[in-house]
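Colleague: Have a look at this prediction, sequence included:
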Amino acid sequence: TSVLDGIEAISGKRPEWLQIDLADPAACRSALEGQHLDGIIHFAAYKAVGESVQEPLKYYQNNLGSLMNLLDYVSQHPSCGFIFSSSCTVYGQADQLPITEDAPVKAAESPYGNTKQIGEEIIREVAVARGLRTIALRYFNPIGAHASARIGELPLGVPQNLVPFMTQSAAGLRGPLSVYGNDYPTEDGTAVRDYIHVVDLAQAHIMALERLLAQQNEEAMEVFNLGTGKGSSVLEVIHAFERATGASLSWDFAPRRAGDITAAYADTQRASAVLGWTAKKSLDESMRDAWAWQMALGSDSH
């Protein structure tokens, strides 16, 4: 079954799907011409930190090219709201935790992070110049899957993110999990992140889009952190997975990865106050849903 089948099963509606390369200006223009769009949520980007360090040009061309092609449409249709998938990577290693939206944007730790920083700058400048309504949502670390196990994360090739590698490893599709770095200045020496259930994340997009459609935004570009407000170490995530699922994991320590920071977790007060949104699902619930999705996939994961 396809992603579209999963969406239809869950929502009762089958979305129209256009297969285009958003980084191709002509293809993008052709697909959007004649559409009457109330809003665009721009998710399309390469997102592997490690790969971006190895192939920066690939990341700049794809992530910024696709963004500018969509903004070209929105700038000509200013009634169309625009929501951007940004990232907590824009903060780099923040000076204070939890991280508020007013924390300084620091020199990016990776080309991937830099595409999000530059992307936000482009959106803000275009939005101000053209009178657009835009929101940048700074994701922390999305995990999990829909509780129905009809939609979830299916990386191409070897997963670059912790949880899908973990579920594939526990299912016997991958070797042992590598925990990158055990010498970070954290309680157990492993890196700390704010892991947010993807369904909570999706709900925030709906509430952000409703805000734009109601023309409630107070600036040309508003920014919101999306996280739980709680940091979990890699070892805590491993233990939560084993506790929540009953599955066991083989893992070992490996050297730190280039571009990884020590700790990041969100201050979510702005999203709560302005959007009326808070994350509701626990880490254990995320683990159960991720594992149910992996079980539903079976051997399709690779």
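Modeller: Yes, it's here.

Colleague: The helix or strand where Y59 lies - contacts with which helices or strands?
Modeller: Using DSSP states H and E, Y59 maps to helix 56-59. Contacts defined by 3 or more CB pairs under 8 Å, 6 or more residues apart in numbering; DSSP states H and E place helix 56-59 against helix 49-54, helix 111-130. Placement of C-beta: from N, CA and C, glycine included.

Colleague: List the buried residues for the longest one?
Modeller: What it means is helix 111-130. Going by neighbour count (16 or more other CB atoms under 10 Å), the buried part of helix 111-130 is 111-120, 123-124, 126-127.

Colleague: thinking again about what came up before, worst mean pLDDT among the helices and strands packed on helix 56-59?
Modeller: Sorting the helices and strands packed on helix 56-59 by mean pLDDT places helix 49-54 lowest, at a mean of 90.

Colleague: In JSON lines, list the buried residues of helix 111-130 along with distance to L4.
Modeller: Listed next are these as JSON lines, based on distance: CB to CB, whole Å:
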{"residue": "P111", "distance to L4": "31"}
{"residue": "Y112", "distance to L4": "27"}
{"residue": "G113", "distance to L4": "31"}
{"residue": "N114", "distance to L4": "33"}
{"residue": "T115", "distance to L4": "27"}
{"residue": "K116", "distance to L4": "27"}
{"residue": "Q117", "distance to L4": "33"}
{"residue": "I118", "distance to L4": "32"}
{"residue": "G119", "distance to L4": "27"}
{"residue": "E120", "distance to L4": "30"}
{"residue": "I123", "distance to L4": "28"}
{"residue": "R124", "distance to L4": "33"}
{"residue": "V126", "distance to L4": "31"}
{"residue": "A127", "distance to L4": "31"}
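
Colleague: For L67, state which of these is nearest.
Modeller: G119 (5.2 Å; CB to CB).

Colleague: thinking again about what came up before, widest-spaced pair of the buried residues of helix 111-130?
Modeller: The most widely separated members of those, counting by CB to CB, are P111 and A127 (23.9 Å).

Colleague: List of residues touching the helix or strand hosting I10?
Modeller: Using DSSP H and E, I10 sits in helix 3-11. Defining contact as CB atoms under 8 Å, 6 or more residues apart in numbering, one finds that helix 3-11 is touched by 13-15, 17, 146, 148, 150-151.

Colleague: next one: stretch 219-226
Modeller: 86, 88, 99-101, 120, 123-124, 127-128, 131-140, 196, 200-201, 204, 208, 266-268, 270-271, 274-275, 279.

Colleague: quick one: average confidence on that stretch?
Modeller: 99.

Colleague: Would you map the strands across the stretch 201-302 of the chain?
Modeller: Assigned by DSSP state E, counting those that start in this stretch, the stretch 201-302 of the chain shows strands spanning 221-226, 232-233, 251-254.

Colleague: Derive a ChimeraX selection command for the buried subset of the contacts of stretch 219-226.
Modeller: Listed next is the ChimeraX selection for buried residues among these, using 16+ other CB under 10 Å:
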select :86,88,99,101,120,123,124,127,132,133,134,135,136,137,138,139,140,196,200,201,204,208,266,267,268,270,271,274,275,279
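
Colleague: from the contacts of stretch 219-226, which ones fall inside helices?
Modeller: The helices, defined by DSSP state H, take in 120, 123-124, 127-128, 200-201, 204, 208, 270 from these.

Colleague: For those, name the two members farthest from one another.
Modeller: Longest span within these, CB to CB: V128 and D200, 30.3 Å.

Colleague: so where's the protein uncertain?
Modeller: 1, 299-302 (pLDDT under 70).
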